[in-house]
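Participant: quick one, structure for this:
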Amino acid sequence: MREGNRWGVGRIKWDATMAAGATPPTDDLDLWLDGDDPGGTPFVAIADMSRRERVTSTAKSLSPEGLASRGMPIGEPGTLLFAMYASVGEVAFLDRRATWNQALLGITPNPEKIDSRFLRYVLLNMKDELLREVRSNTQANLNAGQVGNIWFQRPKVEEQRAIADYLDRETARIDTLIEEQQRLIELLRERRTAVISTTFESGPATVTTKVGRLLASRPSYGVLVPRYVDEDAGVRFVRVGDILHLSSERPMRAIECEQSDEYARTKVAGGEVLLGVVGKMGQAALAPAWLAGANVARAVAVLRCKDPSIAPLLCAWFGSDSFLHQAQLATSGDSIQPTLGMQDLARFEIHLPTDADAPVVLADRLAKIDDLIAGTERFIELSRERRAALITAAVTGQIDVREVA
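Facilitator: Residues are numbered from 1 along each chain as shown. Here you go, the predicted model:
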């Protein structure tokens with residue numbers, strides 16, 4: 001900790017030039033080019049810069065006519081882009097000469113007063129505060145005036161460079177560690193899928209049947225157009241996004257009790273398999289006892305097994321290569337998003353293990369992998385918290401980087 005922080009304070013507008021972008025008419029094809037067209041000027045949108053330190057490529061470019069149509073700003077490599085809309089607080093450097101849309105603000109600091117890397121870390125540190133400000137106003141975005149008025153602690157530019165050097169080095173180490181852990185999670189998930197797929201391989205240890213023959217009743221879609229009410233005034237309502245995150249302490253939407261009664265066939269009693277049948281395939285979970293009485297969305301199917309002991313196996317099978325392959329074939333003709341038909345699902349072929357201990361053995365193996373994944377995800381979360389705390393400490397003078405370098 002430094003003794004007596006003698007840093008001054010600054011405002012971005014005092015020592016930097018700022019330029020908001022614009023978007024030419026998108027229906028005028030003469031104004032637009034492909035992102036890699038050498039005759040165009042790269043046009044940066046938020047998607048081109050999100051979660052990147054540098055913008056190295058863009059999906060679109062502007063023709064000379066496109067640039068002139070709106071008097072577009074031009075930024076040189078090193079210009080700092082700041083997101084004022086949508087992904088508020090995202091910041092990235094231009095790696096090439098480019099222009100940008102109205103959601104972004106180009107910032108070019110005076111190098112004699114502000115180190116651009118230091119300013120980027122300052123803005124990253126302020127992201128949560130800026131997001132809170134955005135949520136509290138009616139516009140749900142920032143403007144150039146608000147960004148220019150941001151106050152920050154400003155040491156001498158030599159110290160700014162030292163801080164940026166330190167943070168570049170330390171955040172790179174943390175980022176490398178996070179990437180390694182993310183690769184580990186990918187490998188663990190691949191291992192999880194392999195364990196499931198091996199369990200349901202055709203062979204002497206399995207018997208082949210159809211999904212429909214395992215069920216006590218035909219699988220059904222849930223509520224088509226929900227009538228939402230407060231959670232304590234209605235029936236819990238399970239949507240696709242809830243399936244993999246079921247928890248009695250996690251808030252859920254609710255629908256009218258009368259509407260749930262209209263869809264009695266998909267009321268949950270506990271122990272059923274809940275399967276997402278719209279969008280990403282393979283999302284499945286056993287309905288816990290505390291969910292009894294709930295109902296489900298149109299994109300969720302409720303599957304009741306004749307033999308309750310089969311339900312854990314069926315639930316696991318929905319994560320297998322066999323199911324995913326059959327689901328892909330059944331939904332390949334869908335033009336908007338994959339939607340699995342209930343009749344198709346009932347006809348899917350499954351190779352079911354005959355060993356009575358198979359559900360327990362499989363559950364144990366998957367639980368060990370899930371524990372490793374959860375532990376790794378927590379490690380990544382803590383690493384990101386460490387990264388954010390390090391930036392805060394450095395750009396606010398809580399640590400003297402010359403002492404810890």
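Participant: per-residue confidence at residue 146?
Facilitator: Residue 146 carries a pLDDT score of 89 in this model.
Participant: any idea which element it lies in?
Facilitator: Element membership of residue 146, judged by DSSP states H and E, is helix 144-148.
Participant: any buried residues in that helix, and which?
Facilitator: Buried residues in helix 144-148, counting neighbours by 16 or more other Cβ atoms under 10 Å, are found at 144, 146-148. Where you see a C-beta, it was placed from the backbone N, CA and C, and this is true even at glycine.
Participant: make JSON lines from the residues you listed and add distance to residue 275 to it.
Facilitator: What follows is the buried residues of helix 144-148, written out as JSON lines (distance: Cβ to Cβ, whole Å):
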{"residue": "144", "distance to residue 275": "48"}
{"residue": "146", "distance to residue 275": "46"}
{"residue": "147", "distance to residue 275": "46"}
{"residue": "148", "distance to residue 275": "51"}
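Participant: okay, now the domains of the protein?
Facilitator: Domains of the chain are assigned by automatic domain parsing as 8-154, 156-187+358-405, 206-354.
Participant: what's the single longest helix in this protein?
Facilitator: The longest helix of the chain (DSSP state H) is helix 157-199.
Participant: neighbouring strands for the helix or strand just after it, and are they parallel or not?
Facilitator: Once helix 157-199 ends, the next helix or strand along the chain (criterion: DSSP H and E) is strand 206-210. In the sheet, strand 206-210 lines up against strand 349-353 (antiparallel) (DSSP bridges).
Participant: the partner strand to helix 157-199, inter-axis angle?
Facilitator: 80 degrees (axes from the mean of the first three to the mean of the last three Cα atoms, to 10 degrees).
Participant: residues of strand 349-353 that come out buried?
Facilitator: Neighbour counts using 16+ other Cβ under 10 Å place 350-353 of strand 349-353 among the buried residues.
Participant: one step back: off-centre distance for the helix holding residue 146?
Facilitator: 28 Å (Cα atoms, centre = their mean, to the nearest Å).
Participant: follow-up on the earlier one: remind me what the longest helix of the chain packs against, helices and strands.
Facilitator: helix 116-125, helix 311-317, helix 321-331, helix 358-395, helix 401-404 (3 or more Cβ pairs under 8 Å, 6 or more residues apart in numbering; DSSP states H and E).
Participant: and the contacts of the third one?
Facilitator: Helix 321-331 is contacted by residues 193, 197, 200, 281-282, 317, 338-341, 344-345, 348-351 when judged by Cβ atoms under 8 Å, 6 or more residues apart in numbering.
Participant: what is the nearest of those residues to residue 256?
Facilitator: Taking Cβ to Cβ as the measure, residue 256 sits nearest to residue 339 out of the contacts of helix 321-331, at 25.2 Å.
Participant: wait, doesn't that closest one sit right on residue 277?
Facilitator: Yes - Residue 339 is within contact range of residue 277, at 6.6 Å (criterion: Cβ atoms under 8 Å).
Participant: more crowded one of those two?
Facilitator: residue 277 (24 against 15; other Cβ atoms under 10 Å).
Participant: distance of the residue in the chain sticking out farthest from the centre from residue 32?
Facilitator: Using Cα atoms, centre = their mean, the residue of the chain lying farthest from its centre is residue 204. It sits 41.7 Å away. Residue 204 is 61 Å from residue 32, where distance means Cβ to Cβ, to the nearest Å.
Participant: ok, residue 50 next?
Facilitator: Residue 50 is 21 Å from residue 32, by Cβ to Cβ.
Participant: who's more crowded, the two?
Facilitator: The neighbour comparison of residue 50 against residue 32 (other Cβ under 10 Å) goes to residue 32, with 20 against 13.
Participant: ok, that one - contacts?
Facilitator: 24, 26, 43, 60-63, 66.
Participant: need the pLDDT of it.
Facilitator: 96.
Participant: beta-bridge partners for it, please?
Facilitator: Beta-bridge pairing of residue 32 under DSSP bridges involves residue 62.
Participant: which intervals of this structure have sub-threshold pLDDT?
Facilitator: The chain contains residues with pLDDT under 70 at 1-5, 135-140, 334-335, 405.
Participant: residue nearest the centroid of it?
Facilitator: residue 51 (10.9 Å).
Participant: helix or strand for that residue, just tell me which one.
Facilitator: Judged by DSSP H and E, residue 51 forms part of no helix or strand.
Participant: excluding sequence neighbours, find me the nearest residue to it.
Facilitator: Spatial nearest neighbour of residue 51, chain neighbours left out: residue 90 (7.5 Å); criterion: Cβ to Cβ, 6 or more residues apart in numbering.
Participant: need the contact list for residue 48.
Facilitator: With the criterion set at Cβ under 8 Å, 6+ apart, residue 48 makes contact with 55, 57-59.
Participant: mind putting those in CSV, neighbour count included?
Facilitator: Formatted as CSV, these follow (neighbours: other Cβ atoms under 10 Å):
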residue, neighbour count
55, 24
57, 13
58, 23
59, 13
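Participant: so which of the residues you listed sit within strands?
Facilitator: residue 55 (DSSP state E).
Participant: which of the contacts of residue 48 lies closest to residue 158?
Facilitator: Residue 158 lies nearest to residue 55 out of the contacts of residue 48, by Cβ to Cβ, at 27.8 Å.
Participant: I am finished for the moment; much appreciated.
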